[in-house]
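# Compute the structure for the input listed below.
(one chain, ligands or ions: 2)
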Amino acid sequence: MNNKKYKLATWVSLPDRQWPNKVIEKAPIWCSVDLRDGNQALAVPMSIPEKLELFNTLVKIGFKEIEVGFPAASDTEFNFLRKLIEENLIPQDVCVQVLTQSREPLIRKTFEALKGVKSAIVHLYNSTSPRQRKITFNKSRDEIKQIAIDGAKLVRKFADDAEADGSHIRMEYSPESFSDTELDYALEICEAVKEIWKPTVENKIIINLPETVQYTTPNIHADQIEWMSRNISEREKVLISLHTHNDRGTGVAATELGLMAGADRVEGTLFGNGERTGNLDVVTVALNMLAQGVEPNLDFSHLPEIRSIYERCTHMEVPPRQPYAGDLVFTAFSGSHQDAIKKGMDIRRKSECGDVWEVPYLLIDPEDIGRDYEAIIRINSQSGKGGVAYVLETEYGYDIPKAMHPEVGNFINDTADRLGKELSPEEILHLFKDEFVNRVDLLKINSYKISYGENSEDVSISAKVSYKGADMEISAKGNGPINAFVNALEIAGLKNFKIADYRSHAIGSGSASDSAAYISLINPETSITTWGAGVDSNIEYAGLKALVSAYNRYNKA
Ligand SMILES: CC(=O)SCCNC(=O)CCNC(=O)[C@H](O)C(C)(C)COP(=O)(O)OP(=O)(O)OC[C@H]1O[C@@H](n2cnc3c(N)ncnc32)[C@H](O)[C@@H]1OP(=O)(O)O
Ligand SMILES: CC(C)C(=O)C(=O)O
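Ligands and ions are numbered 1, 2, ... in the order given. Presented below is the predicted three-dimensional model:
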């Protein structure tokens, strides 16, 4: 590969950096840029009804600052903001934000669109990096700074007019391409804008430091943010805001380290929609906080619903491995993961672990974000006995004995391997029943009668059975129905095993529930065991059927 074509990323000299010792302890101010940065990256930008549906969803999630568009860009963008204002669709505690380039006609148009708004943030930007100065603008450092100054003055003037008309206007400035800009120069421009806007502690300005394109590792981003946070004057009058993209796949990491480095605010989009590889995914950062015990102040407890609104409005798709939201992120196919998850869930069901989430392999409880446990374990050729047992138990109520897990697991696993596909829970049930439950291929009970003596351990059985297609009657006594039936088989010369294990349980609850029984037979010579299961509304018959199933499997093998 031609690595000589690319330059080493910007490096910041900050030997006494503090951020590596920090942890994220509280949520930042969140600002959604779905309706602007996300929208501008769509092949077909959202229509007004789509924008409105997403706006309402963002409000419900709990965003208090929402960049609703670039009003000077198109009629749709302009009219959407007018609709929000004229139809009074902006909740009292929500502040809308609008973006504009630092150009007079665009700033004027932006304020036209804002007429009558109660509270808004006007977000001014111009690009500042050496490559943007040279290539896009062909301007010197001073000329680029002048673009920011001119724009800031206009915003100040229009904002004063709007304030006189009863609107509350806050201001945000972005030295676009900040992460690729010399730090001293970025600071110089931000100070120039700040000087014009004259923030106070009560009315802070937002200095947004975008990682417009990711050129560096997240630690350098954190150094840049800490450097700006430490060097900007009157820090108490400034909110430092992050706006990362994801070119290197590290938008989330850069944002998290940026927060440790002192940022107050985060701009991003749901599921990371945005230019190229996307903006920061706010869902991931917020839920990462939740997973560390920090209240994120955004409500993602109905994530699947949010995802489907997002997909409908943007026509984008959330990929299966997207953190928290993807179809597969709470699913284990592989045996050892399934085993650990099943054990973790069993302990949780029995409430043996208090409230703290400890299920291995699952970062958070899927139920906390409105997902269910059903799809946690899915079965293919990589799956193990624990996973198969989990599906049979959680989906169908078969609590198969632990000693039976390997036999059932191997059988299902081999079938998945042979078929070369994932098996659905219905297919697993079908295979399990066919192979293990109520088998009648060799020996079959046609009818039976049990009578009890005075002592409950004094049991007689007489049964009509067919063996290899021939009908016969067998009878014997024993200390229970199963023992009596085994003795009857012995008298008929059909016994070539010993019983190794027996379990039973009710499936479901209530008087109409079925019983399931499981019996393992052992070959006295080889010590090899074979399991079978029986299901019947009568627990006694379920046990006999389990014995017959095991017998049929044992003698078939
Ligand atoms: C990193 C980001 O996401 S920034 C946001 C980007 N979003 C968008 O661009 C979406 C909306 N944009 C648009 O609809 C259009 O670009 C408009 C309406 C804003 C402007 O349209 P036009 O003026 O026709 O075209 P265009 O955007 O190409 O303008 C380029 C000119 O603006 C200048 N310019 C670009 N950005 C800025 C800025 N922030 N401040 C001042 N001037 C700027 C360029 O240098 C160029 O000047 P030149 O013509 O003298 O070379
Ligand atoms: C306008 C700025 C904040 C932007 O969208 C970016 O730099 O990505």
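
# gap between the residue in the stretch 451-557 of the chain that ligand 2 sits nearest to and Tyr502?
The minimum distance from the stretch 451-557 of the chain to ligand 2, using C-beta to the nearest ligand atom, falls at Gly508 (55.7 Å). For the C-beta atoms, the positions are set from N, CA and C on the backbone; glycine is no exception. Plainly put, Gly508 is 21 Å away from Tyr502 if you go by C-beta to C-beta, to the nearest Å.

# one step back: so the residue of the stretch 451-557 of the chain closest to ligand 2 sits against Val535, correct?
No - using C-beta atoms under 8 Å, Gly508 is not in contact with Val535; the gap is 11.4 Å.

# contacting residues around the residue of the stretch 351-500 of the chain found nearest ligand 1?
Closest residue of the stretch 351-500 of the chain to ligand 1, C-beta to the nearest ligand atom: Ile369 (29.3 Å). Counting by C-beta atoms under 8 Å, 6 or more residues apart in numbering, Ile369 touches Leu287, Phe300, Ser301, His302, Leu303, Tyr324.

# swap in Pro481?
Contact analysis of Pro481 by C-beta under 8 Å, 6+ apart lists Ile450, Val459, Ile461, Glu540, Gly543, Leu544.

# Let's see the pLDDT reported for it.
pLDDT for Pro481: 96.

# Adjust the sequence numbering to begin at 20 for everything that follows.
Yep, numbering from 20; the last one is Pro500 now.

# if I look at it, how far off is Phe516?
Plainly put, Pro500 is 17 Å away from Phe516 if you go by C-beta to C-beta.

# same deal with Ala305?
Using C-beta to C-beta, we find Ala305 at a distance of 59 Å from Phe516.

# These two - which one has more neighbours?
Shown here are Ala305 and Phe516; by other C-beta atoms under 10 Å, Ala305 has more neighbours (25 against 20).

# coming back round to it: Gly527 and Tyr521: which is more packed in?
Between Gly527 and Tyr521, counted using other C-beta under 10 Å, Tyr521 has the larger neighbour count: 17 against 9.

# which parts of this structure sit against ligand 2?
Contacts of the chain with ligand 2, taken as C-beta under 6 Å from any ligand atom, map to Asp56, Leu118, Tyr144, Ser193, Glu195, Asn227, Pro229, Thr231, His262, His264.

# can we see that at 5 Å?
Asp56, Tyr144, Ser193, Glu195, Pro229, Thr231, His262 (C-beta under 5 Å from any ligand atom).

# can you narrow those residues to ones near ligand 1?
When contact is defined as C-beta under 5 Å from any ligand atom, the residues of the chain next to ligand 2 meet ligand 1 at Tyr144.

# closest to Ala394 among the residues of the chain next to ligand 2?
Asp56 (32.1 Å; C-beta to C-beta).

# Where does the prediction get shaky in the stretch 270-419 of the chain?
371-372 (pLDDT under 70).

# Walking through it, point out its helices one by one.
Counting by DSSP state H, counting those that start in this stretch, the stretch 270-419 of the chain has helices at residues 270-279, 301-310, 322-333, 354-368, 404-415.

# Now those in JSON lines, please, with extra columns for distance to Ser93.
Converted to JSON lines, the helices of the stretch 270-419 of the chain look like this (distance: least, C-beta to C-beta, whole Å):
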{"stretch": "helix 270-279", "distance to Ser93": "27"}
{"stretch": "helix 301-310", "distance to Ser93": "25"}
{"stretch": "helix 322-333", "distance to Ser93": "17"}
{"stretch": "helix 354-368", "distance to Ser93": "48"}
{"stretch": "helix 404-415", "distance to Ser93": "51"}
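
# Single out the most deeply packed of those.
Highest mean neighbour count of those: helix 270-279, a mean of 25 (counted as mean count of other C-beta atoms under 10 Å).

# chain center to that helix: distance?
Remark: helix 270-279 is offset 19 Å from the chain centroid, using C-alpha atoms, centre = their mean, to the nearest Å.

# angle of it against helix 301-310?
60 degrees (axes from the mean of the first three to the mean of the last three C-alpha atoms, to 10 degrees).

# pLDDT, secondary structure and neighbour count for the contacts of Pro500 - can I get that in TSV?
Output for the contacts of Pro500, formatted as TSV (pLDDT from 0 to 100; DSSP: H, G, I helix; E, B strand; the rest coil; neighbours: other C-beta atoms under 10 Å):
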residue	pLDDT	secondary structure	neighbour count
Ile469	96	strand	16
Val478	96	strand	22
Ile480	97	strand	25
Glu559	95	helix	18
Gly562	97	helix	24
Leu563	98	helix	23
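
# Could you list the buried residues of the longest helix belonging to the chain?
Counting by DSSP state H, the longest helix found in the chain is helix 160-183. By 16 or more other C-beta atoms under 10 Å, the buried positions in helix 160-183 come out as 163-171, 173-175, 177-178, 181.

# now swap in stretch 60-69 and tell me
Buried residues in stretch 60-69, defined by neighbour count with 16+ other C-beta under 10 Å: Ala60, Pro64, Met65, Glu69.

# swap in stretch 421-436?
Met423, His424, Pro425, Glu426, Val427, Gly428, Phe430, Ile431, Asn432, Thr434, Ala435.

# quick one: which of the residues you listed is nearest Pro90?
The closest of these, once distances to Pro90 are taken by C-beta to C-beta, is Ala435, at 55.4 Å.

# Tell me the helices and strands packed up against the helix or strand hosting that closest one.
Here Ala435 sits within helix 424-438, counting by DSSP states H and E. Applying 3 or more C-beta pairs under 8 Å, 6 or more residues apart in numbering; DSSP states H and E, one finds that helix 424-438 contacts helix 404-415, helix 444-455, strand 548-555.

# what sits up against the shortest one?
When contacts are taken as C-beta under 8 Å, 6+ apart, the neighbours of strand 548-555 outside the stretch itself are 417, 419, 422-423, 426-427, 455-458, 519-520, 526, 533-542, 560-573, 576.

# Generate a PyMOL selection restricted to the buried entries among the residues you listed.
Buried subset of these, written as a PyMOL selection, criterion 16+ other C-beta under 10 Å:
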select buried, resi 417+419+423+426+427+455+456+457+458+519+534+535+536+537+538+539+540+541+560+561+562+563+564+565+566+567+568+569+570+571+572+573
